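Enquirer: Next one to model:
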Amino acid sequence: MVDWQQIDSVFLDLDGTLLDLRFDNFFWTEFIPARYAKQHKLPAEKAKSDLTALMQSLQGTLDWYCIDFWSEQLDLEIIVLKKEMRDLIRVRPSTEEFLSELSKSRHRVIMATNAHPETIALKMEQTQISDRFDRIISSHEIGYPKEHQQFWNNLAQLEKFDPHRTLFIDDNLSVLRAACDYGIQHLLAICNPDSTKGVVDTAEFESLESFEILTAQLCKNTNRD
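Expert: Next up is the predicted model:
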């Protein structure tokens, strides 16, 4: 699946890749619509319909991922509400073992996420995995979401990497296609980002259900080195 001898840099998405997407899906499709309806005295179905339409219109933009934007739009303290639901923030199976093995290797390990910095801080506090990364980069720092080519251009100014010797893992197919267009050679998709839902079609991308295979391959490579 991955020839680790051909990899120098490993870029990892956060939500749906390292962490169970259950938290985000529940928070944005159930919890927030209910709070929005209560705050603005709207029927539950209308609140959910209005929010769904607004979110769909912004998908793939930086605002879609920005809790400051949503706090202002909805008149809700999004980060405070996320903290209320923090017990749902969990790593996906085999994530910790994979990150542990990566941290022992020669590879440079970068988290590349569209998540807002405050959301990242909350999730790192909850999961305690931040020390496994050489660097954590948010698209809010870059100024563009990962779906945009300018994200990758700007990223290359912050973090030197060879696209031909970089592995990137994400659950978002639009993001993976943008990375492919940029020239990143080694791409893998997560086919079960939300533990409460089934396996999804990853189209043209080779997929993973867990990191167990990669961990085993990496362990063999490390022992050989």
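Enquirer: C-alpha from now on. contacts and neighbour counts both.
Expert: Will do.
Enquirer: in this structure, which spans are strands?
Expert: Ranges of strands within the chain are 9-12, 108-113, 135-138, 166-170, 186-190, 207-208, based on DSSP state E.
Enquirer: So which of the ones you listed is nearest residue 47?
Expert: strand 108-113 (28.2 Å; C-alpha to C-alpha).
Enquirer: Partner strands of the closest one and their direction?
Expert: Note on strand 108-113: by DSSP bridges, its sheet partners are strand 9-12 (parallel), strand 135-138 (parallel).
Enquirer: and of the ones you listed, who's closest to residue 71?
Expert: Distance to residue 71, taken as C-alpha to C-alpha, is lowest for strand 135-138 among the strands paired with strand 108-113, at 18.6 Å.
Enquirer: and the helix or strand of the chain with the lowest mean pLDDT, what does it pack onto?
Expert: Lowest mean confidence among the helices and strands of the chain (mean pLDDT, DSSP states H and E): helix 212-224, at a mean of 83. Identification of packing neighbours for helix 212-224 by 3 or more C-alpha pairs under 8 Å, 6 or more residues apart in numbering; DSSP states H and E yields helix 95-104.
Enquirer: pLDDT (mean, whole number) over the helix it packs on?
Expert: Averaging pLDDT along helix 95-104 yields 96.
Enquirer: got the contact list for that helix?
Expert: For helix 95-104, contacts defined as C-alpha atoms under 8 Å, 6 or more residues apart in numbering pick out 18, 109, 129, 132-133, 210-212, 214-215, 218-219.
Enquirer: count of residues packed around residue 92?
Expert: The number of residues packed near residue 92 is 21, by other C-alpha atoms under 10 Å.
Enquirer: now the helices for the protein?
Expert: Ranges of helices in the chain, per DSSP state H, are 22-26, 32-40, 44-58, 67-74, 78-84, 95-104, 117-127, 139-142, 149-158, 173-182, 212-224.
Enquirer: Can you spell out the domain ranges of this structure, please?
Expert: Here the chain is described, according to automatic domain parsing, as comprising the domains 4-21+90-224, 23-87.
Enquirer: Most tightly packed of those?
Expert: Neighbour counts (mean count of other C-alpha atoms under 10 Å) averaged over each of the domains of the chain peak at domain 4-21+90-224, with a mean of 18.
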